[in-house]
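Student: My questions concern the predicted model and sequence given below.
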Amino acid sequence: MSKVTSKRTARRGRIFPEVNFSPEEIARRQAELDSFYQRCRPIFDRVQPELIQDHYNWFMVIEPDSGDYFIDPDQETAAQKARQKHPNQELGMFRLNKTGACGRI
């Protein structure tokens, strides 16, 4: 009896080849993200020294237009709190630690 072995060929290429952005569109989106970050970061820098002692590594969600922020040890709960008060706004998420990063870099 002979054995049949199947050898899968690796597919190479883009996951969504129909989605192609121009370099101008990529630069525009990056500029929007950078400006949003520049609006959120001062709020984080202002309250981080007060909160880091009691709430180290908690998540902080910021709505930059109003200056409101919401903290919780659970990422999803912090986001839900923010979305209840600001349902249609863009929100920024930080972590209450030295860098403010939420995940691994």
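Tutor: Nice, thanks for sending it over.

Student: thought W58 was touching R95?
Tutor: Yes: because the distance of 7.3 Å satisfies Cβ atoms under 8 Å, W58 is recorded as touching R95. Any C-beta I mention is one placed from the backbone N, CA and C, and that applies to glycine too.

Student: which residues are in contact with both of the two?
Tutor: In terms of Cβ atoms under 8 Å, 6 or more residues apart in numbering, W58 and R95 are not both contacted by any residue.

Student: top helix in this structure by residue count?
Tutor: Determined from DSSP state H, the single longest helix within the chain is helix 23-51.

Student: Quick check: buried residues in that one?
Tutor: C40, I43, F44, V47, Q48 (16 or more other Cβ atoms under 10 Å).

Student: elements contacting the helix or strand following it?
Tutor: Note on helix 23-51: by DSSP states H and E, the next helix or strand toward the C-terminus is strand 59-63. For strand 59-63, the contact count by 3 or more Cβ pairs under 8 Å, 6 or more residues apart in numbering; DSSP states H and E identifies helix 23-51, strand 68-72, helix 75-85, strand 92-95 as packing neighbours.

Student: Include mean pLDDT and distance to A10 when you put these into TSV, please.
Tutor: Rendered in TSV, the data for the helices and strands packed on strand 59-63 read as follows (pLDDT from 0 to 100; distance: least, Cβ to Cβ, whole Å):
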stretch	mean pLDDT	distance to A10
helix 23-51	94	27
strand 68-72	94	42
helix 75-85	94	34
strand 92-95	92	35
